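Peer 1: Any chance you can model this:
(2 chains)
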Amino acid sequence: MGKKKRERLEVIRDVLKAIQTKKNIKPTRLLYASNLSPQMFKDYINELVEKKFMQIDIDKKEKKTFSLTKKGYDFLQEYKTIENFVENFGL
Amino acid sequence: MEIYSTILQNKEMIKILYGILISLICTVIVFKSHRLFNLSLHNGIRYFRNAFFFYGLAFFTRYILVHFLNDSNLPVILFEFFIISAGFFLIHSLIWKRTYPIERKYLSSLLSPITLIFYAIALTLVVLDLTWKFYLSMFASQILIFFLASIISYKNYLRRPSKPFPKFYLLAMILSLLAWILNAMAASIFSWNSGVIIDVYILNITVFLLFLFGVIKLTK
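Peer 2: Sure thing, here's the model as predicted:
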């Protein structure tokens, strides 16, 4: 039997958790960690940056890295409550 | 039976209290879910809140604002518009993932293309009812919406039988469906019989209290 498809909320949690675990993570590493297709990854990253859950930084070697914003940390803190609310109301 | 006659003797007061109670419940639901929405920007929570915002406006207009306006038609028109839109938002909160690619570009859920379609349909139904001088469109649309919502929430319940609230949600949808059918019967068969209307009020209060209970419990 195949693995259950992740819900949007779970994907967002996984992406943000990967950034929290490895601070200033590079795009390729985050792509592997998030387990998404490159196109889906791009869509999610754009959305998460746009909604200010994470930010794009440039390191000393002029390479792009990602870090969490306060909103991203807060989201992870309250993830269980949000998930519970969404699942119970079928949203 | 005695309680019915006491209620009937204080009909106007009961209507105001009913309006205040439901408007207050809706306000609490919108405020209590604000923190979770703000943290997640989850579209389902967004439309769920929009639904209760519009329900609150509908009941406030119909049962409270009506006493401050001279024009007797306006509160009824606004009530119908708000309540139909609220129904659309509620069902959209359950199926938003299907329209998400279209809507994600729009920051305001009150002015996205999908919601503009809701408003246009709601306005058309209000105009039709005004022309026919009967609430046929409102009753038909709400019965259809809650029939669909009952099916969706039954599927949600089957998907998550161990979760506590899906069965309350299903119950709330079935009670809403019953309330709208009873309301339509009161208007068409029972000539707005007060006893039937009181039953509709009781059903509606139960539904809103069920939602309030769920929101308070899940946002602790």
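Peer 1: Near chain A, which residues of chain B are found?
Peer 2: Within chain B, the residues that sit near chain A (Cβ under 8 Å from any Cβ of the partner chain) are B:33, B:35-36, B:39-42, B:44-45, B:47-48, B:93-94, B:96-97, B:104, B:152-153, B:156, B:160, B:163-166, B:169, B:214, B:218-220. (C-beta placed from N, C-alpha, C; glycine too.)
Peer 1: Whichever of those end up buried, select them in PyMOL.
Peer 2: Command for PyMOL, covering only those of the residues of chain B next to chain A found buried under the criterion 16 or more other Cβ atoms under 10 Å in any protein chain shown:
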select buried, chain B and resi 33+36+39+40+41+42+44+45+47+48+93+94+96+152+153+156+163+165+166+169+214+218+219
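Peer 1: In contact with the closest residue to B:Phe88 other than its chain neighbours, which residues?
Peer 2: By the measure of Cβ to Cβ, 6 or more residues apart in numbering or on different chains, the closest residue to B:Phe88 outside its immediate chain neighbours is B:Phe118, 4.1 Å from it. Neighbouring residues of B:Phe118 by Cβ atoms under 8 Å, 6 or more residues apart in numbering or on different chains: B:85, B:88-89, B:92.
Peer 1: picking up where we left off before, among the residues of chain B next to chain A, which are located in strands?
Peer 2: If you go by DSSP state E, the residues of chain B next to chain A have nothing in strands.
Peer 1: one step back: I'd assumed the residue nearest to B:Phe88 was in a helix, is it?
Peer 2: Yes: assessed by DSSP: H, G, I helix; E, B strand; the rest coil, B:Phe118 belongs to a helix.
Peer 1: Give me the pLDDT for it.
Peer 2: Listed pLDDT for B:Phe118 reads 90.
Peer 1: Likewise for B:Arg98?
Peer 2: At B:Arg98, pLDDT is 77.
Peer 1: so the most centrally placed residue in chain A is in which element?
Peer 2: Nearest to the mean C-alpha position of chain A, by Cα atoms, centre = their mean, lies A:Val15 at 2.5 Å. Per DSSP states H and E: A:Val15 is located in helix A:8-21.
Peer 1: Please identify the buried residues of that helix?
Peer 2: A:9, A:11-19.
Peer 1: Next: stretch B:206-213.
Peer 2: Buried, per 16+ other Cβ under 10 Å, within stretch B:206-213: B:207-208, B:210-212.
Peer 1: Which pLDDT value belongs to whichever residue of chain A sits closest to chain B?
Peer 2: Nearest residue of chain A to chain B, counting by Cβ to the nearest Cβ: A:Leu91, 2.6 Å away. pLDDT for A:Leu91: 89.
Peer 1: for A:Thr28, same thing?
Peer 2: Checking the pLDDT column for A:Thr28, the value is 94.
Peer 1: can you check B:Arg104 too?
Peer 2: 60.
Peer 1: which one of the buried residues of stretch B:206-213 is nearest chain A?
Peer 2: The closest of the buried residues of stretch B:206-213 to chain A turns out to be B:Phe211 (Cβ to the nearest Cβ; 8.7 Å).
Peer 1: Identify all contacting residues around the host helix or strand of that closest one.
Peer 2: Assessed by DSSP H and E, B:Phe211 sits inside helix B:194-218. For helix B:194-218, the external contacting residues (Cβ under 8 Å, 6+ apart) are A:81, A:84-85, A:88-89, B:4, B:7-8, B:11, B:14, B:18, B:21-22, B:25-26, B:28-29, B:32-33, B:52, B:55, B:165, B:168-169, B:171-172, B:175-176, B:178-179, B:182-183, B:185-186, B:190.
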